Every structure is written in structure tokens, then in C-alpha cells.
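In: quick one: sequence plus predicted model below, questions after.
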Amino acid sequence: MHFLGVIPARYKSSRFPGKPLVDIGGRSMIYRVYHQALKSKYLNEVVVATDDELIYNHCINAKMQVIMTSELHQSGTDRVAEVAQKTQAEVIINIQGDEPFIPPSYIDSLCNLFSDDKVEIGTLLSPMVDRAPASNPGIVKAVRRLDGRAMYFSRAPIPYQRNHDFEMPVYRHLGIYGFRRVALMQLAGLQRGDLEQYEMLEQLRWMEAGYEIMTSLVGEAPLAVDEPEDVEHILSWMKNEGLG
């Protein structure tokens, strides 16, 4: 099976313009994400998908595979779908461009879901050890079925704990996705549904249209850069881990 890793990269971010090119310990963030993805045992190739010439030229100069895509895409998935149209890869992995130290084993866990021929879409969940951030709408929560399929994703703290004598895992959704190529082409043609517009979560469009999303459980959520102040947090973590 041929796996293609695609890293969508936009320059014009409302919260952090130029984020893919921010310096993370002497390397750009997009460089670090790209080279973490290259360590995956499953991915046959990795490519950056961008609509910005600065990012495109940066990738070329750093000898990273990159494709220029349309400026009209409203989501990373749409950008990934454009890349998928130009390849015959059977499975496309949409890798977040703001997690510079995503463990390659996480990517492998996602790829491994597609050993089941019935899986069309896959994603990752991480148990929330500290439940305090569950009320943060920026952290997406998920509920899954016994067989691993997702039941729902929400910015609200789900499931709600009414019975305080009973404990169960609460899962955080990690924004990495895997798609079979045919399914990805179909998803790119869907109209936005009510749930997506209400919660502003793209995956709800797919579920509302009847698609199943298989999940795999991994460990702690990778550190991400959402805003400029997150860079210092990453640098502090790198220093503690002895990383360069």
C-alpha cells in the first residue's frame, strides 16, 4: 500500500501569520514537521502543500518536496485533496503543520488503521490525564464506540459526567487524518453541514453525511504552536529534553 504524507502550510494565519516559517531552535517549524514525518515507517513520501511563494521557496531551498496549490481552499483537507488528485497514492495522511515534534510512531498508528479494508477515514485520540482543559473550546474532544469508530467530536466537554461514582477515559482529538484516496475525493465535494457550521469542526461535515471515522489511541498530545507565545513553550521543552 502506498502512503503519502501531506503537510498543508498557509502563510496567512489570522492568529499567527507566517507560522510555518517561524524559527524553532534553528530550524523552521515546517522543516521540523517534514523531517519528523520522514521518520515514519509507513509513509512512502512526504510533501508540503502551500499557496504561498515564501513557503514554497523555503521548502525548495531546504530540499523538501513541495507543491504549490490554489489560494481558494477553505480548509487543509481541501488543499490535501488537490495534492491527492495529482498522485495515485492509496492512502493520504494529512499531517498538522504546527506540531514540530509529532512522534513518527503516531503517524504509524494512523497508517496502521488502513490494514482494515473497511476503513476510509482515520484519526488519532489522546487520553486527557488532566481534565481541566476539557472546558477549553480550542481543544476538541471525542467520544468513540467500542469498536473504535468515532461517535462525535465537540468543542464542548463530552461526555458530561453526571455520575461521579463512575470514571471513564476522556479523549482529546489530535488533528491528523488519514484518507483513502477515493474517500478524500468524495469528501472534498461535500457541502458544509449544520453541525460543522455550528461547532466549526470540519469532520462533523463528513459524519453528518454518513462517513465513518476510525480512531486509534496514542499517548500524550504533541506540543503545538497555535500562537506566538507557544514558541517559547516549545523552546523550553526542547531545552529540558536536550533537543537541538
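Out: That came through, no problem. Numbers count the residues shown, from 1 in each chain.
In: tell me which element residue 196 falls in.
Out: helix 194-199 (DSSP states H and E).
In: for the next helix or strand after that helix, what is the distance to the chain centroid?
Out: Later in the chain than helix 194-199, the nearest helix or strand by DSSP H and E is helix 203-208. Distance of helix 203-208 from its chain centroid, counting by CA atoms, centre = their mean, to the nearest Å, is 16 Å.
In: and helix 203-208, average pLDDT?
Out: If you average the pLDDT over helix 203-208, you get 96.
In: same question, stretch 3-21
Out: The average pLDDT for stretch 3-21 rounds to 89.
In: kindly report the same for stretch 180-188.
Out: On average, stretch 180-188 scores 95.
In: do the same with stretch 123-135
Out: 89.
In: can you check stretch 30-43 too?
Out: 97.
In: dump the C-alpha coordinates for that stretch into PDB.
Out: Backbone C-alpha positions of stretch 30-43 (Å, rounded to 0.1, in the frame of the first residue of the first chain) are rendered in PDB as follows:
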ATOM      1  CA  ILE A  30       7.700  23.300   8.600                       C
ATOM      2  CA  TYR A  31      11.200  21.800   8.300                       C
ATOM      3  CA  ARG A  32      10.800  20.100  11.700                       C
ATOM      4  CA  VAL A  33       7.400  18.700  10.900                       C
ATOM      5  CA  TYR A  34       8.500  17.500   7.500                       C
ATOM      6  CA  HIS A  35      11.500  15.600   8.900                       C
ATOM      7  CA  GLN A  36       9.500  14.100  11.700                       C
ATOM      8  CA  ALA A  37       7.100  12.700   9.100                       C
ATOM      9  CA  LEU A  38      10.000  11.300   7.100                       C
ATOM     10  CA  LYS A  39      10.800   9.100  10.100                       C
ATOM     11  CA  SER A  40       7.500   7.200   9.700                       C
ATOM     12  CA  LYS A  41       7.900   3.600   8.800                       C
ATOM     13  CA  TYR A  42       4.800   3.700   6.600                       C
ATOM     14  CA  LEU A  43       5.000   6.900   4.600                       C
END
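In: what residues of it count as buried?
Out: 30, 31, 32, 33, 34, 36, 37, 40, 42, 43 (16 or more other CB atoms under 10 Å). Quick note: C-beta positions are derived from backbone N, CA and C, even for glycine.
In: show me these that map onto helices.
Out: Those of those mapping onto helices are 30, 31, 32, 33, 34, 36, 37, per DSSP state H.
In: let's have these in JSON lines, adding distance to residue 160.
Out: Below are these laid out as JSON lines (distance: CB to CB, whole Å):
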{"residue": "30", "distance to residue 160": "38"}
{"residue": "31", "distance to residue 160": "41"}
{"residue": "32", "distance to residue 160": "37"}
{"residue": "33", "distance to residue 160": "35"}
{"residue": "34", "distance to residue 160": "39"}
{"residue": "36", "distance to residue 160": "35"}
{"residue": "37", "distance to residue 160": "36"}
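In: ok, those residues vs residue 71, which is closest?
Out: residue 30 (17.8 Å; CB to CB).
In: apart from its neighbours in sequence, what residue is nearest the closest one?
Out: Once flanking residues are discounted, residue 30 sits nearest to residue 20: 4.1 Å by CB to CB, 6 or more residues apart in numbering.
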